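Q: Sharing a sequence plus its predicted fold:
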Amino acid sequence: MAEAGDPVAGPAPPPPLLLGRGRPVGELGGGTQASSQRLLAYSDALLSIIATVMILPVAHTKIHPDQELNESVQQLLATRIAVYLMTFLIVTVAWAAHVRLFQVIELIDDVLALLNLACMMLITFLPYTFSLMASFPEVPFGIFLFSSCAVVIGFVQAVIVMYAFHHPYLLNHQIQVSENQAFYKYHILKIILRGPTLSFFAAIFSFFFIPMSYVFLGLIIFFPHIRHLTNWFTSRIDGREQELPLESFTFYLNEPLSKERVEAFTDGVYAIVATLLILDICEDNVPDAKEVREKYQGHLINALSEYGPNFLAYFGSFVTVGLLWFVHHSLFLHVTKATRLMGLLNTLSLAFIGGLPLAYQLTSKFAKKSHNEIETIQVSCVTIFFGSIFQFAIWTAALFYERETLHPYARYGGKEHAFMFAKLALYPCVSLFAFFLTCILGELSATIFHLMQIIVPFAFLVLRIFVRIALMAIKHIMSLSRPRENVSEEEEACLSPPETLS
């Protein structure tokens with residue numbers, strides 16, 4: 001055997017990689033993975049799907065094309081839409097709790113992976129409980145089942161926390177070396193169990209006072225923001241800054257969610273909305289073979305021509321979903337950190353984006369000059385408006401703390417600021433314009449509305465050219481008003497037209 005100084009001997013083996021409290025990776029057993037990233041990606045995808053498919057019971061509400069959208073039908077749709085918005089936001093709260101949980105836990109083993117799968121199984125059952133709530137809003141069992149699922153989900157996540165703290169090498173390194181592990185455990189349990197506790201009270205009240213159950217479920221969504229706002233006002237009244245928790249990592253738990261996971265969840269919602277549109281086309285717009293033979297003498301093209309308005313509605317709706325994603329993508333290219341308020345506004349935007357399959361169903365179903373056509377166009381306009389106006393609100397909120405939240409070139413006066421403003425304002429303006437057209441022109445058809453949707457991408461190109469010309473004109477005027485050497489480098493950077501498409 002070669003000696004240590006023998007040139008034939010290979011390099012000395014590297015020291016074992018230490019993990020956790022000095023434990024080598026090899027000693028953790030084959031059940032421990034190096035990272036939880038794939039589990040997080042799977043969980044984000046599943047949660048975004050579950051949140052989005054909540055719209056299906058609403059979108060598939062049975063309304064015959066000849067049936068008038070009278071007060072009873074409108075009330076039915078309004079009730080289901082309200083329950084959808086509430087349950088969508090509750091699922092996003094569960095997702096946020098999952099994000100916080102895996103800020104504390106950095107590694108997983110087989111037990112944690114299986115516990116997380118059990119949690120995901122319960123979450124996938126939520127759309128069924130929502131269907132019961134939407135179909136029977138005054139029957140206790142639907143809301144009891146939904147609330148009970150939320151309680152059990154919280155219990156499973158609490159078990160995950162207890163298991164992880166019992167095996168500290170699975171935790172974030174900063175917690176591992178901390179002397180305040182008990183505090184961290186209490187803190188994350190408080191975050192995770194807040195929603196299930198309120199759901200427990202909602203389940204109890206469901207049997208004798210259903211409105212109070214909905215109040216408790218609503219508190220799940222807004223309680224963290226109400227508490228944060230209350231603490232902010234209290235600190236201002238007392239004239240002192242809010243005290244941070246014991247250590248920086250605890251403060252990190254109170255910080256906005258990870259920008260990367262916000263983007264992943266958002267992308268999942270947009271992708272599922274687009275997928276639901278084509279699933280509706282595949283389900284409702286494939287003619288029956290017997291009908292093609294008997295009614296159209298075997299001519300499939302003639303049979304498909306009957307579905308022309310539906311295909312137009314699909315392409316118009318898909319363009320809208322795709323461009324709203326494009327705007328969101330452009331916005332978050334400029335964002336460096338999402339604040340708590342930006343996270344809430346993003347969730348509200350996604351809730352309305354998730355309602356676009358309902359808008360598609362209505363406009364495609366009542367596309368043949370029926371008396372309900374105007375009302376369905378208005379529903380689409382309102383859905384698009386709120387989905388896009390909350391995106392604009394994210395941008396506005398980012399500008400309040402632009403030094404912390406935005407890249408320099410996107411801040412007020414930056415190269416991309418003017419174009420980003422125009423891009424975010426386009427859909428709110430177009431949807432409002434279309435809505436007012438329905439009020440002025442009683443003959444506005446769904447066909448014209450969907451053609452308008454398909455034309456919008458060209459408006460983005462026109463905006464790009466218009467903003468570039470406007471910035472060059474301003475730059476030229478300013479250069480004429482004073483000598484070139486007096487123009488600072490910062491002003492030059494702000495007025496220079498953008499070079500790339502965001």
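A: Looks like it came in fine. As the structure is a computational prediction, the values presented were derived from the model and not from experiment.
Q: What values do phi and psi take at the spatially closest residue to Glu106 that is not a sequence neighbour?
A: Leaving aside its sequence neighbours, Glu106 sits nearest to Asn172 (CB to CB, 6 or more residues apart in numbering; 5.1 Å). Every residue, glycine included, has its C-beta placed from N, CA and C. For Asn172, the backbone dihedrals (degrees, to the nearest 10) come out as phi -60, psi 140.
Q: What is the burial count for Asn172?
A: The local packing of Asn172 (other CB atoms under 10 Å) involves 19 other residues.
Q: now the one 10 residues further on
A: Other residues within reach of Ala182, judged by other CB under 10 Å, total 10.
Q: That one: which element?
A: helix 181-205 (DSSP states H and E).
Q: Run the chain-centre distance for that helix.
A: Relative to the centre of its chain, helix 181-205 is centred 23 Å away, using CA atoms, centre = their mean, to the nearest Å.
Q: Stretch 432-447 too?
A: In terms of CA atoms, centre = their mean, the centre of stretch 432-447 is found 29 Å from the chain centre.
Q: repeat for stretch 205-219
A: 26 Å.
Q: What residues of that stretch count as buried?
A: Neighbour counts using 16 or more other CB atoms under 10 Å place Phe205, Ser206, Ile210, Ser213, Tyr214, Phe216, Leu217, Leu219 of stretch 205-219 among the buried residues.
Q: was I right about the second one contacting Ser148?
A: No. Taking CB atoms under 8 Å as the contact criterion, Ser206 and Ser148 are not neighbours in contact, 9.5 Å apart.
Q: hey, where'd the strands end up in the protein?
A: 18-19, 23-24 (DSSP state E).
Q: can you pull the contacts of Ala271?
A: Neighbouring residues of Ala271 by CB atoms under 8 Å, 6 or more residues apart in numbering: Ser48.
Q: got the contact list for the helix holding Ala182?
A: Here helix 181-205 has contacts from 90, 93-94, 97, 100-101, 104, 143-144, 146-148, 150-151, 153-155, 157-158, 161-162, 165, 168, 175, 178, 212-214, 216-217, 219-220, 223-224, 245-246, 249-250, 253, using CB under 8 Å, 6+ apart.
Q: Helices - which of these land there?
A: 90, 93-94, 97, 100-101, 104, 143-144, 146-148, 150-151, 153-155, 157-158, 161-162, 165, 175, 212-214, 216-217, 219-220, 223-224, 249-250, 253 (DSSP state H).
Q: Spatially, what comes nearest to His167 if we skip its sequence neighbours?
A: Excluding the flanking residues, the one nearest His167 by CB to CB, 6+ apart is Asp109, at 7.5 Å.
Q: Tell me how far that neighbour lies from Leu40.
A: Shown here: Asp109 relative to Leu40, a distance of 15 Å by CB to CB, to the nearest Å.
Q: before we move on, back to that, roughly how far does the residue nearest to His167 sit from Leu39?
A: In this view, Asp109 and Leu39 are 11 Å apart by CB to CB.
Q: Outline the domain layout of the chain.
A: 36-254, 259-495 (automatic domain parsing).
Q: Any chance of a markdown table for these, columns mean pLDDT?
A: Shown next, in a markdown table, are those (pLDDT from 0 to 100):
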| stretch | mean pLDDT |
| --- | --- |
| domain 36-254 | 80 |
| domain 259-495 | 78 |
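Q: Flag every buried residue along stretch 337-345.
A: Ala338, Thr339, Arg340, Leu341, Met342, Gly343, Leu344, Leu345.
Q: With stretch 310-329 instead?
A: The neighbour-count criterion (16+ other CB under 10 Å) identifies 310, 312-314, 316-321, 323-328 as the buried residues of stretch 310-329.
Q: what about the helices in the stretch 1-150 of the chain?
A: With DSSP state H, counting those that start in this stretch as the criterion, the stretch 1-150 of the chain has helices at 37-53, 56-59, 71-104, 110-124, 126-135, 140-166.
Q: So what touches the first one?
A: The contact list for helix 37-53, computed with CB under 8 Å, 6+ apart, reads 88, 91-92, 94-95, 98, 102, 108, 113, 116, 120, 123-124, 126-127, 261, 264-269, 271-273, 276, 350, 354.
Q: Quick check on the residues you listed: which are buried?
A: Buried among the contacts of helix 37-53 by 16+ other CB under 10 Å: 88, 91-92, 94-95, 98, 102, 108, 113, 116, 120, 123, 126-127, 261, 264-269, 271-273, 276, 350, 354.
Q: how close does the closest residue to Ile389 other than its chain neighbours sit to Met212?
A: Closest residue to Ile389 apart from its sequence neighbours, by CB to CB, 6+ apart: Pro428 at 4.8 Å. Here Pro428 is placed at a distance of 36 Å from Met212 (CB to CB).
Q: cool, and Leu333?
A: Distance from Leu333 to Met212, counting by CB to CB: 44 Å.
Q: for Phe318, same thing?
A: 41 Å.
Q: Please spell out which residues along stretch 374-392 are buried.
A: Those would be 374, 376-392, for stretch 374-392 by 16+ other CB under 10 Å.
Q: Now do the contacts for the residue most central in space within the chain.
A: Most central in the chain under CA atoms, centre = their mean is Thr266, positioned 3.8 Å from the mean C-alpha point. With contact taken as CB under 8 Å, 6+ apart, Thr266 is in contact with Ser48, His328, Phe332, Asn346, Leu350.
Q: want to throw those residues into JSON lines with distance to Asn302?
A: Shown next, in JSON lines, are those (distance: CB to CB, whole Å):
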{"residue": "Ser48", "distance to Asn302": "40"}
{"residue": "His328", "distance to Asn302": "41"}
{"residue": "Phe332", "distance to Asn302": "46"}
{"residue": "Asn346", "distance to Asn302": "46"}
{"residue": "Leu350", "distance to Asn302": "41"}
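Q: Could you work out the most separated pair of those?
A: Put simply, by CB to CB the two of the contacts of Thr266 set farthest apart are Ser48 and Phe332, 15.5 Å from each other.
Q: so who does Pro127 touch?
A: Pro127 neighbours (CB under 8 Å, 6+ apart): Ile50, Val53, Met54, Leu56, Pro57.
Q: on that earlier part again, just curious, which of the contacts of Thr266 is nearest to Ala303?
A: Ser48 (36.0 Å).
Q: show me the contacts for the residue nearest to that closest one when sequence neighbours are not counted.
A: Nearest residue to Ser48, sequence neighbours excluded (CB to CB, 6+ apart): Gly268, at 2.8 Å. Counting by CB under 8 Å, 6+ apart, Gly268 touches Asp44, Ala45, Leu47, Ser48, Ile49, Thr52.
Q: Over to Cys149?
A: Contact partners of Cys149, counting by CB under 8 Å, 6+ apart, are Leu122, Ile123, Phe125, Leu126, Thr129.
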